[in-house]
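[1] Here is my input; please provide its structure:
(3 chains)
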Amino acid sequence: MSNEILNLNLIEIAHLISTGEITSLQATQITLDAIEKHNPNINAYLSVFNEQAIEQAKKVDAKIASKQTIGPLAGVPIAVKDNMCTAFGTTTCASKILENFHSPYNATVIEKLLAADAVIVGKTNLDEFAMGSSTENSGFAQTKNPWDTQRVPGGSSGGSAAAVAARMCYAALGSDTGGSIRQPASFCGIVGLKPTYGRVSRYGLVAYGSSLDQIGPMTRTVGDAALMMNVIAGHDERDSTSVNADLAPVADYKADLCGQIKNLKIGIVTKFNEGATPDVCGAIKDAIAVYKSMGAEIIEIDMPHFDYSIATYYIVATAEASSNLARYDGVHYGYRNKDADELVAMYSKSRAEGFGQEVKRRIMLGTYVLSSGYYDAYYLKALKVRNLIRSDYTNAFEKCDCIMMPVAPSTAFKFGEKTADPLQMYLSDIYTIAANLAGVPGISIPCGYDSQNLPIGLQIFTPAFTEHKMLKIAAMYEKNTNFPKLPEMK
Amino acid sequence: MNNKIDENTVRKVAKLSRLALADNEIHEFTAQLSAVLEYIEKLKELNTDAVEPLAHCLPVKNVFRPDEVRDSLGTDKALANAPQRDENHFIVPKILDEVSA
Amino acid sequence: MTKEFVVKKLVFNKLAKIMSDIKYKVIVGLEIHVQLCTKTKMFCGCALSFAQQPNSRVCPVCLGMPGSLPVMNKQAVEFSILAAMALNLEIARFTKWDRKNYYYPDLPKNYQISQYDLPISNKGYIEIPLESGQTKKIRITRAHLEEDAGKNTHTSGDYSQVDLNRAGTPLLEIVTEPDMNSAEEVRALAIELQRIVRYLGVSEADMQKGHMRFEPNINLAITKDGIEYRTPIVEVKNLNSFRTIERSIIYETQRQLDEFIETGKTLKMGNKSTRGWDDDKQMTVLQREKEEAHDYRYFPDPDLVPVVWTDEDLERIRKNLVELPIEKRKRFIDNFGLSSYDAGVLTDEKSLSDFFDEAVSAGGDPKRVCNLITQTGLKIANEKGCKVNELGFDAKALAQLAKMVEEGTIGASSANIVLAEMAATGQTPDAIAQAKNLIQKNDTAEIEAAVEAVFAENEQAVDDAKNNPKKAQKALGFLMGQAMRKTKGQGNPKLISQILNQKLGI
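    Numbers count the residues shown, from 1 in each chain, chains lettered A, B, ... in the order given. Modelled structure (predicted):
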């Protein structure tokens, strides 16, 4: 019984709770039990709010019992990545430097989840400050891929992806700066959506690369992602970079899922699809064939600057990060080295001891590219190439409705496989990074499994602020295939 | 421009970043950052003379807030996370270098 | 004066005699920070504060808490545009925000949100009044908007205290060209700028409260043996009054001259230094600088979006521009014939100059109104600790009083008594003059009768006045006094004097 409940998707469980067929307390308790059982092995969560979740579940149940109006996520256990500020518990970003940090406020997305009557069960693991592609850079724990615990769940939202795949929650929020939602979604066989930059408020999301960061849903189905988008999308007066309704109205993403897009034109870049492992290549080809069978037209497009996206990204993102992470200095909050008897030493020791290696590496790179004499050669150049990358998308979307490609060149890799060589790890972000630089939305949906039964993701891009269309295209595939399946949890 | 970064520069950057790095870290970062910087040289292949830099993907401008007072946190909440404090202040070790701003 | 300074001066005097052809000119440019008087901070809703409990007026944004984001205060941006317009600056149609990165405990994010290559405004000037009565235009390079830092207090122990109440306060930074050539000019600019921002209502501009901070960049152009040398530029910090600004420039002029004579050191790339003003010792003291202090790694702040102005926006803001003090001063001199000094006094504060203008438009003679304000009004206001326009009477009443003097209804000295009473009671000048019996007699027949009576009683004096040149002046004064007494002090002195002269035939 409890497994049946755990295996329900978000829309199903929300429906059952809202109609009183099961209580939020039941669903929450079963979820907390699953966390208790699986988390010691999977390490998806950094913190779990047992008592608070139970209390919230009871509150929602009471609301339902007394027939009050309830939100679209009423009573459903949801997880959030631990780089989103919560006025309860800690917000650590999986960094020792914020190990005991208690945010005095809730991120806007947290307020929105609570306003939707969701039950926030815990906060999930990540690469420290969202810097990484495997969650191996967490300062606290190694999250394992529920499909194969010898392998990484992807990153940086690896905890959220693992929690959703392992049924330790019904949906989770992740954040995506260069693929951090889509790549772990792909590695864990779930749906991950990175919205258009400006679609979801960043207020309360601990910044990594501010011009690239977006919060998005990680779910087991496309419909679930649409429902989550209904809750979190929209303008926020506290985030100057969130777009208001005049410019781009928020759609009813869930309602828009019905029906098919006729004469869908799919743009592909053949050489990209061939750049991945044979298993991934095959799965992408098959997925595109499914669309063809639904009447879609495949158009070869050219994205000449795509290949420069990693170089561009590692300038822009690290430059912003070097400045964003300057505030962790042991003065106002966070870890402090108590031995230093002088300010500069205190700063330098606190930061050196509080940050992990990858974070330090990126701060160093970002500081370097911004420093006197190098700005034009690196940062300014990167901003110009960024413009070219964006025009690749703009030009492509003149010819097609959407672009499809793999999410990652391979399926989930083994722990330690890429940690020795940071550049090799960076290069594995090739398919996801350009969307962040261009600000366009992207989604990863499960589209098959490799020879080792590891999930493969299909990535779909549509123009800025057309998430409704992107979800609809994703749903077309989902409806016509048997995916997704879920990893067995013992 | 030389695309490799030397240990001396790495030390300077560490200082600018306020990171007290051990010698082995300096050594390691020098090699790793050199590799990354060499990779980044790739961008030089592109002629961007006629391209505008793109700092923002958004078509957004003039985002203001009215000049209206909102509640502040107050001293207790403001200092709640402070690693070291006295009654009303954050406390830091003595500042040897007076000039900064 | 310190011992060291005295010794140096002696050395200089000796050397100066040897090199008698040495000439020098001081060159000063200013960096000025003006705190805008918005209700809230630049990027968050915390109220601006002065002398509040430390760290009480702070929120996640101005504390630089993880995840917090800035949102521009519209009023602050518009205030800065208004000030820029008053300083004749070109307003940029496109302006953006940049981060200036450096570590300091009073800067919670360890970067300051500021403007680097695209400030709100460029290229303007400020016209300053000089003691000579002339004015001088000082060019302004640029003005940009930024957020203030908090405050560090260096305690006696091994620790410093950090208070972030001030962090995030909107600041307008104004940078001038090095166009000032004396301490007097710098002082004049400082005072004129204070007047301007107060006229506009964009800053309280209180030096003591740190609303205005001046950092002069000082060096000398020295001509020796026909060759011109420039001394290294010194930036002076910690100046918290107009007096210290002036003194620091005088001090630096001497110090740099001494240093040049002793060392011959001249301006080079990278030899600019920073010195702090020590108010106890009345001297500047060298401050040590970090080697990488100037690598601020500016880059566009990705958390904020650009500001783009349309003609309509700028016209709307321009409507809040007022007549500037220097324009007013010129108008008061040119149109009303006031002295440069009086015009300066009247235009020192906008409220006073407006009050004066109002009284003049209500029919008051400008000079009489000016005299009433400067002789009595300001004194009473000063005693009461308020402004002249807050004394309890309006400009129309002041104009009426001026008219009464003009028409001879009351005497000039009585007018000051009436003004004091107006401030005390708020009654009309007419009522006060009546009640206090200060109305002058202007009835010619009555005065003639009084004069004749005085003549009859003082024949000797009349004779002296007419015929004794040696005693005539004294006699005339005596007769005048007697006639005043006859009219119980209410006779219009002008009229009495006129009748006296007429009857004496002189």
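[2] Check the stretch 351-500 of chain C for the residue nearest chain A and tell me.
    Across the stretch 351-500 of chain C, no residue is closer to chain A than residue C:351, which sits at 36.6 Å (CB to the nearest CB). The C-beta positions use only the backbone N, C-alpha and C, and glycine is treated the same way.
[3] Report the secondary structure element holding that residue.
    For residue C:351, the host element (DSSP states H and E) is helix C:350-361.
[4] just the strands in chain A please.
    A:45-48, A:77-81, A:119-124, A:171-176, A:191-194, A:214-219, A:265-268, A:297-300, A:402-406, A:442-449, A:455-461 (DSSP state E).
[5] near chain A, which residues of the stretch 101-250 of chain C?
    C:101, C:103, C:105, C:108, C:109, C:110, C:111, C:158, C:160, C:162, C:164 (CB under 8 Å from any CB of the partner chain).
[6] can you tell me which of those lies nearest to residue C:254?
    Proximity of those to residue C:254 (CB to CB) peaks at residue C:160, which lies at 33.4 Å.
[7] mind checking the SS state of the closest one?
    strand (DSSP: H, G, I helix; E, B strand; the rest coil).
[8] give me the number of residues near it?
    For residue C:160, the neighbour count with other CB atoms under 10 Å in any protein chain shown is 19.
[9] residues in contact with it?
    A:343, B:91, B:92, B:93, B:94, B:95, C:105, C:152, C:153, C:154 (CB atoms under 8 Å, 6 or more residues apart in numbering or on different chains).
[10] one more time with 6 Å
    By CB atoms under 6 Å, 6 or more residues apart in numbering or on different chains, the contact set of residue C:160 is B:92, B:95, C:152, C:154.
[11] Secondary structure element holding the second one?
    This points to residue B:95. Assigned by DSSP H and E, residue B:95 falls outside every helix and strand.
[12] List the buried residues of stretch C:219-230.
    Residues C:219, C:220, C:221, C:222, C:229 are the ones in stretch C:219-230 that count as buried (16 or more other CB atoms under 10 Å in any protein chain shown).
[13] again but with stretch A:79-95, I slipped
    Result for stretch A:79-95 [16+ other CB under 10 Å]: buried residues A:79-86, A:89-95.
[14] Just list the residues touching residue 64, thanks.
    Since you didn't name a chain, this refers to chain A. Contacts for residue A:64 were tallied using CB under 6 Å, 6+ apart; they are residue A:20.
[15] looking at chain C here, not the other one
    Residues near residue C:64 by CB under 6 Å, 6+ apart: A:327, C:108, C:109.
[16] And those, which is closest to chain B?
    Ranked by distance to chain B (CB to the nearest CB), those are led by residue C:108 at 9.1 Å.
[17] distance of the closest one from residue A:99?
    In this view, residue C:108 and residue A:99 are 20 Å apart by CB to CB, to the nearest Å.
[18] which residues in the stretch 401-506 of chain C form helices?
    C:412-425, C:429-435, C:444-457, C:459-467, C:469-486, C:493-504 (DSSP state H, counting those that start in this stretch).
[19] Mind listing what's buried along the second one?
    Using 16+ other CB under 10 Å as the test for burial, helix C:429-435 gives C:429, C:430, C:432, C:433.
[20] Which ones among those residues also lie next to chain A?
    Counting by CB under 6 Å from any CB of the partner chain, nothing from the buried residues of helix C:429-435 sits close to chain A.
[21] Just flag the most distant two among those residues.
    C:430 and C:432, at 7.3 Å, using CB to CB across the buried residues of helix C:429-435.
[22] which residues touch the nearest residue to residue A:339 once chain neighbours are set aside?
    Of all residues not flanking residue A:339 in the chain, residue A:349 sits nearest, at 7.3 Å (CB to CB, 6 or more residues apart in numbering or on different chains). Residues counted as contacts of residue A:349 (CB under 6 Å, 6+ apart) are A:337, A:340, B:20.
[23] Who has more neighbours out of residue C:108 and residue A:99?
    The neighbour count for residue C:108 versus residue A:99, taken as other CB under 10 Å, is higher for residue C:108 (27 against 15).
[24] Perfect, that will be all.
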